[in-house]
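J.: here is my input, please return the structure:
(one chain, ligands or ions: 1)
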Amino acid sequence: MMTATRRATEYTAGVDFGGTAIKLGLVADDGEVVADTTIPTLGHSSPDALVELLAQTIRDLLRVTRPAATGLRGVGIGVPGLVDVSRGIVHELVNVSRWKDVPLGRLLRERLRCPCVVDNDVNVIALGEWSFGAGQGTWDSVYLTLGTGVGGGLVLNGMLLRGVSGSAGEIGHTIIQPDGPKCACGARGCLEVFIGTAGILRMAEDAVRRGKSSKLAKIAQEADGQLTPELISRAAALGDVGAKDVWERVGRYLGLTVASTINLLNPERVVIGGGIARAWRWFMPSLRRTVQEQAFKIPAKAVDIVPAALGTRAGIVGGAVLAWEQDRRVGGRGSGADGRVRGALDTSRAARGGGMASSPRAEGGRT
Ligand SMILES: [Zn+2]
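T.: Predicted structure coming up:
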């Protein structure tokens, strides 16, 4: 359903390109999603046809805002796959075999006549959480997403860190056990092997097999042996020792990587999102304990480890921030976009009592 409110103005479109559904919305300068909708990712005759539908849907959204939008500033798109950010090319798209080297940025720009920026979906969500979610008001914020895979995005010094070939932030592939099980990336003992959904389910199945988890075993039986992270949490809530132990180990494994990240980057905040983060209350105590034990004391004390705040809106909001960020890089300091991103920082800083206003980095910026 399309929904809309608010005054007439220019908006920025954020597009969250998922493997099965594409969520898109119009975002105002204060991060509010003023209109949004969903279209299916699959079932189109060609990438071109899908881009055409995407462009048309954005035009439709612009029309349903009341009063009508006066224009479209830009579009920011997060895709699950391999992206050449500088050229807006999607090399590969997870789940969609026909997408090979699609110039998504150019195809959309030709149709909408505004800047269209493409980046990795986790980077986009990291930008969204940093600007308007749980990372708001910080200069250095690490975002982690826990789900099928374990992804990360780094905002350092108020900028998304992409690295020389665009792959910075792969926190899920920090190695926590040198001779550990093989990871999909080819290395051994990556964090993702242990606390990606498959790894968590493997731990739970082991607990059932060892016969120490009667409640989890019963729940698994009722689900025809198909355990899920939600069911493990349910067993933990019923007091199942094995289920609690699974989450305790998830927190410990995650804590090792978070501790290393804290030592490496000294971030102000670590934001944790993704489906697995719903088990926050179960893995958080051992995560915190591990960080206190393993990280340097001063940076461990300085960091806040918090759950993500934007939920399913993160990709849309982050898409808009991506478009502004690009605008800022292209336009240089003092451009409109720079003011907007800084504005988001200033608003939250004011809300926190202005503690960061005197930061030397607040003056120079980096463009
Ligand atoms: Zn790996």
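J.: what residue ranges in the stretch 251-367 of the chain score low on pLDDT?
T.: Residue ranges of the stretch 251-367 of the chain with pLDDT under 70: 329-367.
J.: could you pull out the strands in the chain for me?
T.: 10-17, 21-27, 33-40, 71-79, 81-84, 89-93, 96-102, 116-120, 141-146, 150-156, 159-160, 269-273, 304-307 (DSSP state E).
J.: the fourth one pairs with which strands, parallel or anti?
T.: In the sheet containing strand 71-79, its partner strands are strand 10-17 (parallel), strand 116-120 (parallel), by DSSP bridges.
J.: still on that earlier bit, would you turn the strands of the chain into TSV with distance to residue 51?
T.: C-beta: built from backbone N, CA, C; applies to glycine. Formatted as TSV, the strands of the chain follow (distance: least, C-beta to C-beta, whole Å):
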stretch	distance to residue 51
strand 10-17	11
strand 21-27	11
strand 33-40	11
strand 71-79	10
strand 81-84	15
strand 89-93	11
strand 96-102	8
strand 116-120	10
strand 141-146	26
strand 150-156	25
strand 159-160	24
strand 269-273	28
strand 304-307	34
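J.: ok, which of those strands comes nearest the ion?
T.: Checking these against the ion by C-beta to the ion gives strand 150-156 as the closest, at 8.9 Å.
J.: what helices and strands are in contact with the longest helix along the chain?
T.: Secondary structure of the chain per DSSP state H: the longest helix is helix 241-265. Helices and strands touching helix 241-265, by 3 or more C-beta pairs under 8 Å, 6 or more residues apart in numbering; DSSP states H and E, are strand 141-146, helix 191-195, helix 197-209, helix 214-222, helix 229-237, strand 269-273, helix 280-294, helix 297-302.
J.: of these, flag the one that's most buried.
T.: Compared across the helices and strands packed on helix 241-265, strand 141-146 shows the largest average neighbour count, a mean of 28 (mean count of other C-beta atoms under 10 Å).
J.: need the contact list for the residue nearest to residue 256 when sequence neighbours are not counted.
T.: Closest residue to residue 256 apart from its sequence neighbours, by C-beta to C-beta, 6 or more residues apart in numbering: residue 176 at 4.9 Å. Counting by C-beta atoms under 8 Å, 6 or more residues apart in numbering, residue 176 makes contact with 189-191, 194, 253, 256-257.
J.: ditto for residue 289
T.: Taking C-beta under 8 Å, 6+ apart as the criterion, residue 289 is in contact with 251-252, 255.
J.: pop the domain breakdown of this structure in here.
T.: Using automatic domain parsing, the domain parsing of the chain gives 3-128+312-332, 136-309.
J.: point out the residues in this protein that sit beside the ion.
T.: Within the chain, the positions adjacent to the ion are 173, 183, 185, 187, 190 by C-beta under 5 Å from the ion.
J.: give the burial count for the residue lying closest to the last one once chain neighbours are set aside, as a bare number.
T.: To tie it back to what came earlier, the one meant is residue 190. The shortest distance from residue 190 to any non-neighbouring residue, by C-beta to C-beta, 6+ apart, is to residue 183 (4.0 Å). Using other C-beta atoms under 10 Å, residue 183 has 20 neighbouring residues.
J.: ok, now how distant is residue 183 from residue 193?
T.: 5 Å (C-beta to C-beta, to the nearest Å).
J.: quick one: the residue nearest the centre of the chain from the ion, how far?
T.: Centroid-nearest residue in the chain, with C-alpha atoms, centre = their mean: residue 125, separated by 3.3 Å. Residue 125 sits 20 Å away from the ion, taking C-beta to the ion, to the nearest Å as the criterion.
J.: could you report the distance from the closest residue to that residue other than its chain neighbours to the ion?
T.: Among residues not flanking residue 125 along the chain, residue 314 sits closest, at 4.5 Å (C-beta to C-beta, 6+ apart). Between residue 314 and the ion the computed distance is 24 Å (C-beta to the ion).
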